[in-house]
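A.B. asks: with the sequence up front, the predicted model follows.
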Amino acid sequence: MHQIPAFGDDPLQRFTLHEGLGPAVAAFSLPDRLGFGSVFAPVMFRADYRDGSWQPGQFQPYGPISIDPGAKVLHYAQEVFEGQKAYRVGDQPTALFRPAMNWRRLNASAARLCLPPLPETLFLDGVFGVTALNEAFIPGASGQSLYLRPFLFGTESNLGMAASREVSFMVIASPSQAYHAGSMSLLIERAESRVAGGGIGAAKVGGNYACALQSAARCAELGYDLTLWLDPVHRRNIEELSGMNFFAVVDGRLLTPVLTDSILAGITRDSLIQLARAQGLVVEETSIAIDELLGWIETGRCSECFACGTAAIVTPIRELGEAHGTRHDLLQAEGEITALLREELLDIQEGRAADPFGWMVPLPADYQELTDGDLCA
Ligand code: COI
């Protein structure tokens, strides 16, 4: 194992590079077809928390990890994660989109699940370092990126119902294209709830995605792509799509569900609201009753709907339907406002347009130097 000094004047040895990195990188090549989240880049990061503090992390070859069968995460689902992207389209320098937002949201999710907070430096070491060491494998076509998946989980081997005193933070990366190609058809989920009020719906925790799987299976049986979740109390107002936020254009205004304690605050959602307002569009964060929206679709007042998320970017919705069969087609399968916002966002992320909000953070030179010399030899 190579011990390398940390950057700047930080006296701590913040991380090491595993000696197997060079061969792992040399053995990897990008496949012709990427998909989303199915190809894993050869370098990952891991740092452990024990005895009340975070230990120095390590960049390691991507591969299986060993975990004690009694680990809390396997029994009580003490796990939170993030999704974020590094871009290198054309000859643009590699850059990450709003990484500090992911760090803040990861810590908000961690607090909800009694996981210890992650120092910003450790989070950035993980995401910037994994990006730098996998930089050669960032796919370069528009819509593609290096999808980064930071995650935090309880590893203490103990079946007692108490917060894990041992935790791991890892970052893996997947060269990917957008999560969904084309437009989507959504099942209005009137039978099940994704989360409970006062529960963990606003946190990015694995359990929220696991409990969406049954509805996802019903979607597939009924010929829909994804679930549209309603509020857990009255099943009246639109919430989100398990992994994406929802927008509708009604009478020329852009509507999106106002955040509640059962909706995840999407970073793409926040960015699109800012972009739309900068375009002069009226944006309303408000309660959207599903039956009212269906009426607006029938009368043509609602002309377009779309979903957004880090993985999904901006994905048009072509229809909303019921489990019993009634389907409501949108007038525009991909509307003008949907297309405009998608293009504006991608132009900033992929470096074709100015970045008036300062969202893009270029990969710092210190991390790029990780690949220099014989560190990975
Ligand atoms: C993301 O958009 O990053 C997510 O975590 C959603 C997931 C369903 C891919």
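C.D. replies: Perfect, thanks for sending it.
A.B. asks: list the contacts of the closest residue to the ligand within the chain.
C.D. replies: In the chain, the residue that lies nearest the ligand is G83 (1.9 Å; Cβ to the nearest ligand atom). Just so you know, the C-beta spots here come from the backbone N, C-alpha and C atoms, and that holds for glycine as well. Contacts for G83 (Cβ atoms under 8 Å, 6 or more residues apart in numbering) come out as 102, 147-149, 204, 309-311.
A.B. asks: just the ones of those in strands?
C.D. replies: Mapping these onto strands (DSSP state E) picks out 147-149, 309.
A.B. asks: which positions in the stretch 151-300 of the chain make contact with the ligand?
C.D. replies: 179, 243 (Cβ under 6 Å from any ligand atom).
A.B. asks: the helices in the stretch 151-300 of the chain, which residues?
C.D. replies: If DSSP state H, counting those that start in this stretch is used as the criterion, the helices of the stretch 151-300 of the chain fall at 206-210, 213-222, 267-278, 290-299.
A.B. asks: out of the ones you listed, which one sits most buried?
C.D. replies: helix 267-278 (a mean of 19; mean count of other Cβ atoms under 10 Å).
A.B. asks: average model confidence for that helix?
C.D. replies: In this model, helix 267-278 has a mean pLDDT of 98.
A.B. asks: what does that helix rub up against?
C.D. replies: Helix 267-278 has contacts (Cβ under 8 Å, 6+ apart) with 84, 97-98, 101-102, 105, 245, 247, 254, 256, 283, 285, 308-310, 312-314, 337, 341, 344-345, 356-357, 359.
A.B. asks: 6 Å instead, please
C.D. replies: Contact partners of helix 267-278, identified using Cβ atoms under 6 Å, 6 or more residues apart in numbering, comprise 98, 101, 245, 254, 283, 308-310, 341, 344.
A.B. asks: three-state assignment of P356?
C.D. replies: Of the three states, P356 takes coil under DSSP: H, G, I helix; E, B strand; the rest coil.
A.B. asks: how about it, nearest residue that isn't a chain neighbour?
C.D. replies: Nearest in space to P356, with sequence neighbours left out and distances taken as Cβ to Cβ, 6 or more residues apart in numbering, is A278 at 7.3 Å.
A.B. asks: now that neighbour: how far from L340?
C.D. replies: From A278 over to L340 the distance is 12 Å, taken as Cβ to Cβ, to the nearest Å.
A.B. asks: and what of C308?
C.D. replies: From C308 across to L340, the span is 13 Å (Cβ to Cβ).
A.B. asks: ditto for N107
C.D. replies: N107 is 33 Å from L340, by Cβ to Cβ.
A.B. asks: give me the distance from stretch 363-373 to the chain's centre.
C.D. replies: On the basis of Cα atoms, centre = their mean, to the nearest Å, stretch 363-373 sits 25 Å off its chain's mean C-alpha point.
A.B. asks: just the CA trace of that stretch, in PDB.
C.D. replies: C-alpha atoms of stretch 363-373 as PDB (Å, rounded to 0.1, in the frame of the first residue of the first chain):
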ATOM      1  CA  LEU A 363     -12.000  18.800 -10.600                       C
ATOM      2  CA  PRO A 364      -9.300  20.500  -8.400                       C
ATOM      3  CA  ALA A 365      -5.700  20.000  -9.700                       C
ATOM      4  CA  ASP A 366      -4.600  18.300  -6.400                       C
ATOM      5  CA  TYR A 367      -6.900  15.400  -7.100                       C
ATOM      6  CA  GLN A 368      -5.800  15.200 -10.800                       C
ATOM      7  CA  GLU A 369      -2.300  14.800  -9.600                       C
ATOM      8  CA  LEU A 370      -3.300  11.600  -7.900                       C
ATOM      9  CA  THR A 371      -2.800   9.900 -11.200                       C
ATOM     10  CA  ASP A 372       0.700  11.400 -11.700                       C
ATOM     11  CA  GLY A 373       4.000   9.600 -11.100                       C
END
